[in-house]
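K.L.:
no FASTA, just this:
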């Protein structure tokens, strides 16, 4: 693999980035939710990746309800 040097900076290849990510890999979880004020439903999803590389994901949807902390 050839690297170009510009000053003190080195160009990183995709494989370099992947190697670094594998070396530093930690468990992580990403969560996303969506809803609209003019609709009665919501959706939630998640992806969890463990240190050993195994992945879990899930999603759910449902009807929105008012939470006590939102009543004013």
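P.N.:
Here it is on my side, so go on. Note that this is a predicted model, so its numbers are computed, not measured. Numbering: from 1, shown residues only.
K.L.:
Assumed residue 29 was part of a helix.
P.N.:
No: applying DSSP: H, G, I helix; E, B strand; the rest coil, one finds residue 29 to be strand, outside a helix.
K.L.:
That one contacts residue 45, doesn't it?
P.N.:
No: assessed by Cβ atoms under 8 Å, residue 29 is found out of contact with residue 45, at 11.3 Å. Glycine gets a C-beta too; all of them are placed from N, C-alpha and C.
K.L.:
Tell me which of these two has more neighbours.
P.N.:
The residue with more neighbours, out of residue 29 and residue 45, is residue 45; 14 against 10, by other Cβ atoms under 10 Å.
K.L.:
Which residue, neighbours along the chain excluded, lies closest to the more buried one?
P.N.:
Distance criterion Cβ to Cβ, 6 or more residues apart in numbering; nearest residue to residue 45, sequence neighbours excluded, is residue 59 at 3.9 Å.
K.L.:
One more: residue 43?
P.N.:
residue 61 (4.5 Å).
K.L.:
Give me the neighbour count for the one you found.
P.N.:
Number of residues near residue 61 (other Cβ under 10 Å) recorded here: 11.
K.L.:
Please apply the same query to residue 16.
P.N.:
With other Cβ under 10 Å as criterion, residue 16 counts 13.
K.L.:
for it, helix, strand, or coil?
P.N.:
Assigned by three-state DSSP, the conformation of residue 16 is helix.
K.L.:
In terms of pLDDT, where does it sit?
P.N.:
For residue 16, the pLDDT comes out at 77.
K.L.:
ok, now residue 11?
P.N.:
On pLDDT, residue 11 comes in at 62.
K.L.:
hmm, back to that, pretty sure the residue nearest to residue 43 is touching residue 42, no?
P.N.:
Yes: using Cβ under 8 Å, residue 61 is in contact with residue 42, at 6.6 Å.
K.L.:
so what does the helix or strand the residue nearest to residue 43 falls within touch, helix or strand wise?
P.N.:
Using DSSP states H and E, residue 61 sits within strand 55-63. When contacts are defined as 3 or more Cβ pairs under 8 Å, 6 or more residues apart in numbering; DSSP states H and E, strand 55-63 sits against strand 41-49.
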